[in-house]
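Peer 1: could you look at this predicted model? Sequence included:
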Amino acid sequence: MRARPILNESLNERANHLWPFSFWCDHQRLSRRTRWYFGGLLGPKLPRDLRATLNLIFGACSMTMGISYIVKLQTLPALMLAAIVGTAVGHLVHLESGISGVARKLQGPVAALVKSDPSGDLSEDEWMDRYIAAVVLFCAFGTGIFGALQSGLTGDQSILVSKAILDFFTAAIFAADLGFMTPLIGVPQLVVLMALFLLAGYILPLTNETMMGDLRACGGILMLCTDLRICGIKSFPIANMLPAMVIIMPLSWLFTSFILPLLG
């Protein structure tokens, strides 16, 4: 409920509240370019077995983070329904194939611009699998979502700064394999985080701890599926699963407010 004063603040107060996030965006954009260009230049010079090992280690570390979010689950039926319905919606609107199509259209021009092989020593399918995994991780990563909401509500940048540090190494690892297409992920990432930041004062007053716990758990499942895909264990349709992150909180509220009391 602390968000209500933010809804009524003047434009000047809102601008003062916005500048830390703008500063973080500038810092994030500069560090993102540095790490992606560094990874894109260094990647072809690294042995492929080392790059494969780094991807596996990153996947294992990220799985651990995903599991730590899943244990915050509050309403299992809501999570299961969100995962099933959300994935079905993503499949029906061809979300993953749409992202793949855009990436393929941009792959050639970017490769010609920087005069490099667009997929390096990866096959086209392997490259696309990892690229979509990178898009999902950077744009729908739980730390970024909660960090943007917290920044928009309180002006506290601590979570976003922690994410920037983690992203520095993550982006370098991805860029070593994906090349100079990786910086383009920063465009949807900025759009998603800025939208969450600006809407935080409207979203958070409508939520409670149960809904936030279910949102974290849904993000944890998405992270776990993404990491299984990165490690080459199972190729989940992770982009098609993204709508689950949108519907999980309404479903959590519906179950806790109406359905579970009737059953209890």
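Peer 2: Ah, there it is. Keep in mind that this is a model prediction, so the values were computed, not measured.
Peer 1: from now on I want contacts and neighbour counts done on CA atoms only, so please keep to that.
Peer 2: Noted.
Peer 1: relative to P237, how far out is the nearest residue to K234 once chain neighbours are set aside?
Peer 2: Distances taken as CA to CA, 6 or more residues apart in numbering put L228 closest to K234, at 5.6 Å, once the chain neighbours are dropped. According to CA to CA, to the nearest Å, L228 and P237 sit 11 Å apart.
Peer 1: equivalent analysis for G152, please.
Peer 2: 31 Å.
Peer 1: sorry, back to before: just the CA trace of the one helix or strand the residue nearest to K234 maps to, in CSV.
Peer 2: Counting by DSSP states H and E, the element that carries L228 is helix 209-230. The C-alpha coordinates for helix 209-230 follow below in CSV (Å, rounded to 0.1, in the frame of the first residue of the first chain):
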residue,chain,number,x,y,z
GLU,A,209,2.4,-11.6,-0.8
THR,A,210,0.6,-14.7,-2.2
MET,A,211,0.4,-13.3,-5.7
MET,A,212,4.0,-12.1,-5.7
GLY,A,213,5.1,-15.5,-4.4
ASP,A,214,3.3,-17.2,-7.3
LEU,A,215,4.8,-14.8,-9.8
ARG,A,216,8.3,-15.6,-8.5
ALA,A,217,7.5,-19.4,-8.8
CYS,A,218,6.2,-19.0,-12.3
GLY,A,219,9.4,-17.1,-13.2
GLY,A,220,11.4,-19.9,-11.6
ILE,A,221,9.7,-22.5,-13.8
LEU,A,222,10.5,-20.4,-16.9
MET,A,223,14.1,-20.0,-15.8
LEU,A,224,14.4,-23.8,-15.2
CYS,A,225,13.0,-24.7,-18.6
THR,A,226,15.3,-22.1,-20.2
ASP,A,227,18.3,-23.5,-18.5
LEU,A,228,17.4,-27.1,-19.5
ARG,A,229,17.3,-25.7,-23.1
ILE,A,230,20.7,-24.0,-22.7
